[in-house]
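> What shape does this take:
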Amino acid sequence: MNNFYQLSSIFLNVIKTTKNLSDKTIIAYNSDLMDFCNFLSINGLHNNIILNYVVHLFDERHLQESTITRKLVVIKMFLQFLYQNGYVEQNYYQNYTFKLKKERKLPKTLSVDESSKLIKYLSDNINRNTSKFTYWKACRDLALIDLLISSGIRIEEASNISLDDVIPSERTILIHGKGRKQRFIYISCTDTWDNLMNWLRIRSEQKNNTDKIFVNRFGNQISIHGIEYIFNSVKKSCGINKNSTPHYLRHTFATNLLANGADLRSVQEILGHSSVTTTEIYTEVSINHKKQILTKYNYRNAL
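You can find the predicted model right below:
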């Protein structure tokens, strides 16, 4: 029997190059393939292997439909690759079509008041800090969180912004998004832009080991885990939703754009979604908000 672990490594190297996939996607694909290869090592490759694997994921491991669907995406590509390159005598996936129900969860958001609390706490925090380091940190945290609130970018995208990506004359930033897709975002809020410019000035006063604009105390690029840590510390201090994550800021940004009249296509481009279908879920949140407003405030209800 072929060494499927070795073949999965070859497959990943091929699709990483030909499909221009991000390192994060490759890591996820690798994890799913290792799981499938472990199943193959015990059960062998046969005509019913895919069906048996899906049953195993459902009945024995009780995985969610969304997780199983994700696994099947890469397994389908993997088995097709093996067949097309002569590693196996047939495509063991081609006779199966799985239509798994995937729960469509509405994005979780912060209220406008909670977002305001974040900004106020971070702004006031600058005045509360007197030491050089705490002032440095307060300015960085304000610029970072305010940028996430004002632009809706992902935390990975914020982490990857370089000095050359910032265009002061246009108040614009080049964002490096998923799938190595680039887009420009305009910082419409003057306060957000001023906070960012203030941070860049302070940042320039210390020695850094990277050209990324957001750095940690050692002058290195701040990681997504570092951003999550900053957000978690701030949310505890200012008393907003204790279950919220930095991604709530992206959801809040998108939902309020649509609620205030922005068109779906524009929001898709601003968020960097490859498909408008992904953006449409925010429309449902917006509609729910409008229902609440109309139920409470529409004068016709009282006639």
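> which stretches of the protein aren't confidently modelled?
Low-confidence segments of the chain, defined by pLDDT under 70: 1-2, 100-104, 289-290, 299-300, 303.
> Residues touching whichever helix or strand Lys16 is part of, excluding its own?
Using DSSP states H and E, the element containing Lys16 is helix 4-18. If you take Cβ atoms under 8 Å, 6 or more residues apart in numbering as the criterion, helix 4-18 is touched by 21, 26, 29-30, 33-34, 37, 40-41, 45, 77-78, 81-82, 87. Bear in mind the C-beta positions are built from the backbone N, C-alpha and C, glycine included.
> ranges for the strands of the chain?
For the chain, strands defined by DSSP state E occupy the ranges 166-167, 172-176, 182-186.
> Single out the most deeply packed of those.
strand 172-176 (a mean of 18; mean count of other Cβ atoms under 10 Å).
> which helices and strands sit right next to it?
The contact analysis (3 or more Cβ pairs under 8 Å, 6 or more residues apart in numbering; DSSP states H and E) places strand 172-176 against strand 166-167, strand 182-186.
> Give me the contacts around it.
Here strand 172-176 makes contact (Cβ under 8 Å, 6+ apart) with 151, 153, 157, 160-161, 165-167, 182-187, 272.
> and those residues, which two are the farthest apart?
Pairwise distances across the contacts of strand 172-176 peak at 18.4 Å for Asn160 and Tyr186 (criterion: Cβ to Cβ).
> what's Ser115 in contact with, if anything?
Each residue near Ser115 by Cβ under 8 Å, 6+ apart is listed here: 149, 249, 252.
> and the gap between it and Ile293?
Remark: distance between Ser115 and Ile293 (Cβ to Cβ, to the nearest Å) = 18 Å.
> just Phe98 next, same as before
To Ile293, Phe98 is 41 Å away according to Cβ to Cβ.
> quick one: contacts for Phe36?
Per Cβ under 8 Å, 6+ apart, neighbours of Phe36: 53, 71, 75, 78.
> Out of those residues, which comes closest to Glu228?
Taking Cβ to Cβ as the measure, Glu228 sits nearest to Lys71 out of those, at 25.7 Å.
> Verify the contact between the closest one and Asp32 for me.
Yes - counting by Cβ atoms under 8 Å, Lys71 does reach Asp32; the two are 4.5 Å apart.
> With neighbour numbers in mind, choose between those two.
Remark: of Lys71 and Asp32, Lys71 carries more neighbours, 21 against 18, as counted by other Cβ atoms under 10 Å.
> for the helix holding Lys16, which positions count as buried?
Buried residues in helix 4-18, counted by 16 or more other Cβ atoms under 10 Å: 4, 7-8, 11-12, 15.
> Pipe the residues you listed into TSV and attach distance to Thr109 per row.
As requested, the buried residues of helix 4-18 are exported to TSV (distance: Cβ to Cβ, whole Å):
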residue	distance to Thr109
Phe4	43
Leu7	43
Ser8	39
Phe11	39
Leu12	36
Ile15	35
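> and of the residues you listed, the nearest to Phe218?
Leu12 (32.3 Å).
> where's the closest one relative to Thr25, distance?
Separation of Leu12 from Thr25 (Cβ to Cβ): 10 Å.
> same deal with Ser162?
In this view, Ser162 and Thr25 are 22 Å apart by Cβ to Cβ.
> Phe231 too?
For Phe231, the distance to Thr25 (Cβ to Cβ) stands at 24 Å.
> repeat for Ile119
As judged by Cβ to Cβ, Ile119 and Thr25 stand 33 Å apart.
> out of these two, which sits in the busier spot?
Using other Cβ under 10 Å, the more surrounded residue of Ile119 and Thr25 is Ile119, with 19 against 16.
> quick one: Tyr53 and Phe39 touch, right?
Yes - under the criterion of Cβ under 8 Å, Tyr53 makes contact with Phe39 at 5.5 Å.
> just checking, Val52 touches Gly44?
In this structure residue 52 is Asn, not Val. No - using Cβ under 8 Å, Asn52 makes no contact with Gly44, being 10.2 Å away.
> which of those two has more neighbours?
Neighbour count, other Cβ under 10 Å: between Asn52 and Gly44, Asn52 has more, with 13 against 9.
> Could you report the neighbour count for the residue lying closest to the more buried one once chain neighbours are set aside?
Computed as Cβ to Cβ, 6 or more residues apart in numbering, the closest residue to Asn52 that is not its neighbour in sequence is Asn43, at 6.4 Å. As a burial measure, Asn43 scores 13 neighbours (other Cβ under 10 Å).
> Look up how far Asn298 lies from Asn43.
Per Cβ to Cβ, Asn43 is found 60 Å from Asn298.
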